[in-house]
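>>> 3D model of this:
(chains A and B)
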Amino acid sequence: MGLSFLAPLFAVGLAALAIPILVHLTYRQKTTIVRFPSLMFVQKVPFKSMRRQKIRHWLLFLLRCAALAALVLAFSRPFFNEAGIAATLSSASREVVILIDNSHSMSYAGRWAAARQAARDTINGLAPSDRASLVFFSDAAQLAVRSTAQPSVLLSTLDAIDLSQRSTRYAPAIGIAQQLLAESDLPAKEVVLITDYQRIGWDPEQAVQLPEGTILTGIDVARDTASNLSIATVILQREAGPAGEQFVVNARLVNQGDEPAADVEVVLQIEGEAVDTRTVTLEPNSAATVQFQPQPVGADAVRGVVLAGTDDLAGDNTFYFIINPGETLNVLLVENDRAHDTDSFFIEGALAVGTRPAFRVRRTSAGRLQASDLDGIDAVILNDTPFPSGAAGSAVHDFVEAGGGALIALGELVHPDGWQGGDATALVPEFSVDIVDRNAEFGGALASYDRNHPVFEIFSAPRSGDFTAPSFYRYWRLQPGPDDLVLAGFDDGNPALIARSVGSGRVLVWPTTLDRFWNDFAVHGQVFVPFIQRATRYVAGYQETDAWQTVGGSLRLAALEGAQFSEGTPVELTSPDGRTTTLAASGVRLGPADPAAASDRIPLEAPGFYALAWSDESGDRELAVAANLDRRESDLSKLDPEELAAALAYRGGTAGALALDHQVTAEDREARQSWWWYLLVLVFVFLAAETALSNRLSPSSATGTT
Amino acid sequence: MAAEATRRLKSGARFLDPEVLARIGRLDLLARTVVEGFINGMHRSPYLGFSMDFAAHREYMPGDDIRRIDWKVFARSDRFYVKEFEAESNSNFISVIDISRSMDFGSNGVTKFDYARYLTACLTYFANKQRDRVGFASFDNDIVDYVPPSAKHLDIILHIIENLEPGGRSEYLKPLLKLTEAAKRRGIVVLVSDFYEEPRAVIDAVNNLRYRGHDVIVYQVLDRAEIEFDFDESATYEDLETGESVPVVPSRMREQYKQMMAEHLEEISSLMIKNQIDYGLVRTDEPLDESLFRYLLAREKLRRVR
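Below you'll find the predicted structure:
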């Protein structure tokens, strides 16, 4: 409405109304004192519940309060926004934006039917001069109908749209509403939000607000208290078994509800067959982990499903995953021509125990290296050797530039001259003959490393490895280039590990040995083994295939191991609902007939398994990918509708001119209306009545309490 | 699983109630009594996976954690061996106890403050027995005591816990931030408090520890009367921390109070779960073994994840 105040601060005076009430309700306390830990909740209980006295002489009490309130209002200088009144009184045409939540949580216990009915009612309630838009939203918003005056179009679209399998986000829908209302020239603006008010959908940091004067009508379709049993996640552990590698499935179950979930049957299916069943009871609002019997890792990818009970939100009672067989990286280990047999002992040992991926290591020396040695190689380790000369050196450079990887350890058998100039310059930063010698200090230590980098992220958890333990006695002083990344540093500030990109390939440079000559890093197996494996994986560009993806995202074909399609290969895509689409492939891109529309991504719209099938020279190929609902959607806890409304309310323009215009207009309006005069008259009327009444009552109620 | 295990424990070894424990004068004796009894009970229970100090070698097999390979044996023999039951040592364990005035409340003879002290002492003793480095902090609106983690600090910590006195008003953000700064090396932090604070403020404060990389286990200690609000007499209720007082007719506000308390507990619980913090509500009339078992499950889970 259009009621505003020129001096709203005077409204603070209304607080004075509380004084007689408080005095009345709190006097004459008992003397018994109970010391209680916190009155945090006691004070939140509405005051009337603690009241011991009843207000008598209500009329007198109300007259006094009314006089006080009218006085305060008069000083606040009220006025009415004429435009607002006019719009309201004349039933001005409205621009209505109907936002309907069709996220997965709306499938809970008839919410979707209630939402549709509420939308129908809203559409049927539109006046002929109104215009309305229809927006469906989950984690993304879809403008289904743009500003129309034809209810039939809105209703038919409403009937055609179904629930999505995605999670909730309010901001995109509000953004569309904001835009539609801003574009409209109709005088009244309204947003109807039909949702279950799921809390996870609202991020208070989102800076969205509705245009000034917009009426927000919220329709809550989740009035019931929701409870939900869900599989929050599945943890897959690989381990050694009596018959080779095996995996253990741990399912994390969450019961969000006030009732216990008793005797829930949790089933593990492998390739469609139930292989293990457990029964678990979950207390209200609790979580539990169920561990199944180990299952063997096969030579092919295995499809697994965990099922846990049934409830009103069935989608999150199932969890899909894929167990991929181990993969192998081919590594060429290049040593110094003068190297002993044992110089790469620890490197080979560290790579020998890799399982996912496994490492197949071939050893040669810089002098014997030939370009053909690099065929089929994923990563080269140049261990304490000068850069290979001639064609072999160029081959190494070209190998890296074309997307290969190199891990380079510079130790006592190299000299800067062997690495400066020619193809080597691109691979290694500058370093001089000035070796850093820390022997006098009994060695330096590795002082910092980037825990967010793929090489070191394995060390980010507590007790995952102590990098400060190894002692480094000698190392080269590397001078990183402007594009180099220093991933680790010694305690004297010198770089310990430098990453650089060369063409499409990656290089890591380690300025000391990977044996026990210049440091004792190699004997600290707890950090040495994972470091060598991670560094080799990183330079080889190895990406672990995820066991599952999330619905709402998309599947990047380039991230799939083995998803390389020759030009024009027909590829069959089978989605979870069993529908099969034939796509034409090009490289790692798939698309319909029009190659321009081809994409290297497949959108994941439903939970289950997506399968790609095609044929190439090695025969029929198939790749499967598991997709699960976004588990945030399982949390049905509600957002306070008023909190959302307050967050979306117009908070004023950002430009100073707007604020100034508003102030001048307000004064003009208030001056023209002068409501404060009428309010002052009312004050006198109330006081006169109060005087008359209190005089009449005073003889009989000398001790009255108001 | 936890509930089932607890039931099995109840049918087997039964541990002393907090009220009985309160009669044991010395805290070190109390901690030893409870923990040793608890471990004996564990040995009789089907949950034997928590062995603490047995170590042996076996040949490496694909899938084993490569960080468990005994690299020194490899250097000598060129063969891979795995330490099968590595002692769970070298982890930092810090117990953090809220000593604000609100903790000094008890309707059953044991105050929350006492219960928190017993629990903290037992967990510290337990962690020390698992060869973790033990540390300790107490706080109200600031850090009051801080003992950095060390394998040799058990006696100091038990002495400090024994002599703790309830302090002032509680606050979470400032002291936990300070603790985050002090405890730089990541480890396990057990936080014991009654959490009379807005849940989001609590989670924001606790998350500072998580973001530093600590694994946080939270115990919310409450008295039965705080949850049930089963007072009869109308009286003036005085806030232990602020000294504020209000007249209260318990019968008129009991249901609203209980509902608000339940909502508060639910919000804290769900926020903790959402933020992957192990959380448990303990009542001062519950035996300590339930809390210890909860800790052990959380500890075991952390061990598996690593």
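
>>> after whichever strand or helix holds A:F247, next one along is what?
Element membership for A:F247, per DSSP states H and E: strand A:244-256. Reading on from strand A:244-256 to the C-terminus, the next helix or strand found by DSSP H and E is strand A:261-270.

>>> distance from the chain centre to the helix or strand following that following strand, please.
Note on strand A:261-270: by DSSP H and E, the next helix or strand toward the C-terminus is strand A:273-282. Averaged C-alpha coordinates place strand A:273-282 at 30 Å from its chain's average position (C-alpha atoms, centre = their mean, to the nearest Å).

>>> strand A:273-282: partners in the sheet, and parallel or antiparallel?
strand A:261-270 (antiparallel) (DSSP bridges).

>>> next one: the partner strand to chain centre, how far?
28 Å.

>>> which residues touch that strand?
A:229, A:249, A:251, A:253, A:255, A:274-282, A:290, A:292, A:295, A:302-309 (C-beta atoms under 8 Å, 6 or more residues apart in numbering or on different chains). From N, CA and C alone the C-beta is placed, and that goes for glycine too.

>>> which among these count as buried?
Neighbour-count burial (16 or more other C-beta atoms under 10 Å in any protein chain shown) applied to the contacts of strand A:261-270 gives A:229, A:249, A:251, A:253, A:255, A:276, A:278, A:280, A:282, A:290, A:292, A:295, A:302-309.

>>> what is the strand holding A:F247 packed up against?
strand A:228-241, strand A:261-270, strand A:273-282, strand A:286-291, strand A:295-296, strand A:302-308, strand A:318-323 (3 or more C-beta pairs under 8 Å, 6 or more residues apart in numbering or on different chains; DSSP states H and E).

>>> could those go into JSON lines alongside mean pLDDT?
Below are the helices and strands packed on strand A:244-256 laid out as JSON lines (pLDDT from 0 to 100):
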{"stretch": "strand A:228-241", "mean pLDDT": "82"}
{"stretch": "strand A:261-270", "mean pLDDT": "93"}
{"stretch": "strand A:273-282", "mean pLDDT": "93"}
{"stretch": "strand A:286-291", "mean pLDDT": "85"}
{"stretch": "strand A:295-296", "mean pLDDT": "88"}
{"stretch": "strand A:302-308", "mean pLDDT": "94"}
{"stretch": "strand A:318-323", "mean pLDDT": "94"}
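
>>> adding distance to B:F126, write these out as a markdown table.
Listed next are the helices and strands packed on strand A:244-256 as a markdown table, based on distance: least, C-beta to C-beta, whole Å:
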| stretch | distance to B:F126 |
| --- | --- |
| strand A:228-241 | 25 |
| strand A:261-270 | 31 |
| strand A:273-282 | 26 |
| strand A:286-291 | 22 |
| strand A:295-296 | 34 |
| strand A:302-308 | 33 |
| strand A:318-323 | 34 |
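
>>> shaky segments in chain B?
Residue ranges of chain B with pLDDT under 70: B:1-27, B:36-56, B:62-63, B:84-90, B:294, B:297-306.

>>> pull the longest helix from it.
Counting by DSSP state H, the longest helix found in chain B is helix B:250-274.

>>> which residues sit against that helix?
Identification of contacts with helix B:250-274 by C-beta under 8 Å, 6+ apart yields A:41-42, A:44-46, A:49-50, A:254, A:256, A:285, A:287, A:635, A:637, B:195, B:199-200, B:202-203, B:206, B:218, B:220, B:226-234, B:278-279, B:281.

>>> is the helix or strand just after that helix in proximity to chain A?
With elements assigned by DSSP H and E, the helix or strand that comes after helix B:250-274 is strand B:278-283. No - contact between strand B:278-283 and chain A is absent, the nearest approach being 9.6 Å (criterion: C-beta under 8 Å from any C-beta of the partner chain).

>>> strand B:278-283 pairs with which strands?
By DSSP bridges, strand B:278-283 pairs with strand B:215-222 (parallel).

>>> quick one, domains of the chain?
You didn't pick a chain, so chain A it is. Split into domains by automatic domain parsing, chain A comes to A:3-83+A:674-697, A:91-225+A:636-658, A:228-324, A:328-540, A:552-631.

>>> wait, chain B was what I had in mind.
Taking automatic domain parsing as the domain assignment, the ranges for chain B are B:2-46+B:89-305, B:53-86.

>>> could I get the ones you listed as a markdown table with distance to A:T582 and mean neighbour count?
Converted to a markdown table, those look like this (distance: least, C-beta to C-beta, whole Å; neighbours: other C-beta atoms under 10 Å in any protein chain shown):
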| stretch | distance to A:T582 | mean neighbour count |
| --- | --- | --- |
| domain B:2-46+B:89-305 | 43 | 19 |
| domain B:53-86 | 39 | 16 |
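
>>> and B:Y295, what does it touch?
B:L123, B:F126, B:V190, B:I217.

>>> where does it land in three-state SS?
helix (DSSP: H, G, I helix; E, B strand; the rest coil).

>>> residue of chain A nearest chain B, please.
In chain A, the residue that lies nearest chain B is A:G525 (2.3 Å; C-beta to the nearest C-beta).

>>> please name the nearest non-neighbouring residue to that residue.
Closest residue to A:G525 apart from its sequence neighbours, by C-beta to C-beta, 6 or more residues apart in numbering or on different chains: B:W71 at 2.3 Å.

>>> contacts only, for the one you found.
Here B:W71 is in contact with A:V523, A:H524, A:G525, A:Q526, A:F528, A:V529 (C-beta under 8 Å, 6+ apart).

>>> report the contact partners of the fourth one.
The neighbours of A:Q526, taking C-beta under 8 Å, 6+ apart as the test, are A:G465, A:D466, B:R67, B:W71.

>>> redo those residues as TSV? Include distance to A:V234 and secondary structure.
TSV is the format used below for the contacts of A:Q526 (distance: C-beta to C-beta, whole Å; DSSP: H, G, I helix; E, B strand; the rest coil):
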residue	distance to A:V234	secondary structure
A:G465	26	coil
A:D466	31	coil
B:R67	24	helix
B:W71	32	helix
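
>>> most widely separated two among those residues?
The largest distance within those, taken as C-beta to C-beta, falls between A:D466 and B:W71 and amounts to 13.4 Å.

>>> give me the common contacts of those two.
Joint contacts of A:D466 and B:W71 (C-beta under 8 Å, 6+ apart) are A:H524, A:Q526.

>>> now do the strands in the stretch 101-250 of chain B.
B:133-139, B:143-150, B:187-193, B:215-222, B:235-239, B:245-248 (DSSP state E, counting those that start in this stretch).

>>> not counting sequence-adjacent ones, nearest residue to the residue of the stretch 201-306 of chain B at minimum distance from chain A?
The stretch 201-306 of chain B approaches chain A most closely through B:A235 (3.8 Å), counting by C-beta to the nearest C-beta. Leaving out its chain neighbours, the residue that sits closest to B:A235 by C-beta to C-beta, 6+ apart is A:T32, at 3.8 Å.

>>> fine by me, thanks again.
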